[in-house]
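Asks: give me coordinates for this.
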Amino acid sequence: MVAADVERVLTVPRATANQILQRLAAKGWLLRIRRGLYAPVPLGAATTRAGIEDPWLVAMAMYSPGYISGWSAAEHWDLTEQIFNAVSVVTAVPQRSTSQEHGGVSFHVRTVSPAAIFGVKQIWLGSSKVRVADPTRVVIDVLQAPDLGGGMRHTLDIVRNYWRSAHADPVRALEYAEQLGVGAVFKRLGYTAERFARTSDDWRERCRNGMSAGVSRLDPTGPNRGRIVTSWRLRVNAPVDDT
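Replies: From the prediction side, this is the model:
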């Protein structure tokens with residue numbers, strides 16, 4: 001909630017709107033997230049530090065243009081049963097840190113270019129819209145940056161669950177990879193699809209056409225050791241469970 005919301009609903013000047021927000025925060029009805037941004041305190045909360053009503057709405061206010069992705073979106077689409085304490089967010093707004101806390105909620109933030117914001121759906125939370133990566137975009141995001149998935153092990157779980165779910169869409173996955181244009185993503189996408197799904201020869205050839213030169217690591221932050229899958233120019237430096 002910002003002053004503009006109060007202005008619009010109550011038809012009052014900006015200064016008055018700010019005063020109203022400040023008074024509600026002082027009485028414990030609102031929690032100040034940052035200057036000019038407030039969130040409702042859940043009914044029954046013992047203190048304002050008990051948390052905010054919905055962290056996703058705060059993420060939209062804090063990191064727009066951006067969207068919910070990674071483990072948070074994966075949980076929304078039933079691609080993981082793992083519960084994380086932080087909200088995973090992708091934003092086009094430059095950030096000083098990937099780990100942030102606002103209003104008692106932790107956020108894991110990845111910064112991308114505005115052109116990289118696509119493959120997003122709008123869902124309703126109450127009367128507000130929230131932008132969430134669609135299932136295929138979740139997979140592309142975590143393959144590019146496994147930290148968004150909670151690390152490589154959880155990322156592989158998300159990707160495997162995607163390929164074995166009704167969300168699986170090989171054509172869309174390739175289209176998203178091509179729109180993103182990151183060579184290592186094609187390698188990880190092709191390799192994991194070959195392990196977890198059934199794809200056509202044409203699909204695999206098209207995926208290989210997007211690969212960058214040289215050998216990339218399955219886990220970009222992992223050790224530079226492990227067997228190399230030459231067909232995908234990929235060093236498998238993390239355990240891969242097919243089950």
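Asks: hey, where'd the helices end up in this structure?
Replies: Remark: helices assigned in the chain by DSSP state H are 3-10, 14-26, 55-63, 70-76, 135-144, 152-163, 170-180, 183-196, 201-209.
Asks: which intervals of this protein have sub-threshold pLDDT?
Replies: 1-10, 12, 14, 16-22, 24-53 (pLDDT under 70).
Asks: if we can go back for a sec, so which of the helices of the chain gets nearest residue 107?
Replies: Minimum separation from residue 107 across those (Cβ to Cβ) falls at helix 55-63, 6.4 Å. For glycine as for every other residue, the C-beta is placed from the backbone atoms N, C-alpha and C.
Asks: indicate which one of the helices of the chain is closest to residue 123.
Replies: Of these, nearest to residue 123 by Cβ to Cβ is helix 70-76, at 7.9 Å.
Asks: who does the closest one touch, helix- and strand-wise?
Replies: Counting contacts by 3 or more Cβ pairs under 8 Å, 6 or more residues apart in numbering; DSSP states H and E, helix 70-76 packs against strand 87-91, strand 128-133, helix 135-144, helix 152-163.
Asks: to residue 221, which of the helices of the chain lies closest?
Replies: helix 152-163 (7.9 Å).
Asks: identify the residues contacting that closest one?
Replies: Applying Cβ atoms under 8 Å, 6 or more residues apart in numbering, the contact partners of helix 152-163 are 71, 74, 78-80, 82, 135-136, 138-139, 142-143, 146, 148-149, 168, 192-193, 195-197, 218-219, 221-222, 238-242.
Asks: list the buried residues of it.
Replies: For helix 152-163, a neighbour-count test (16 or more other Cβ atoms under 10 Å) marks 152, 154, 155, 156, 157, 158, 159, 160, 161, 162, 163 as buried.
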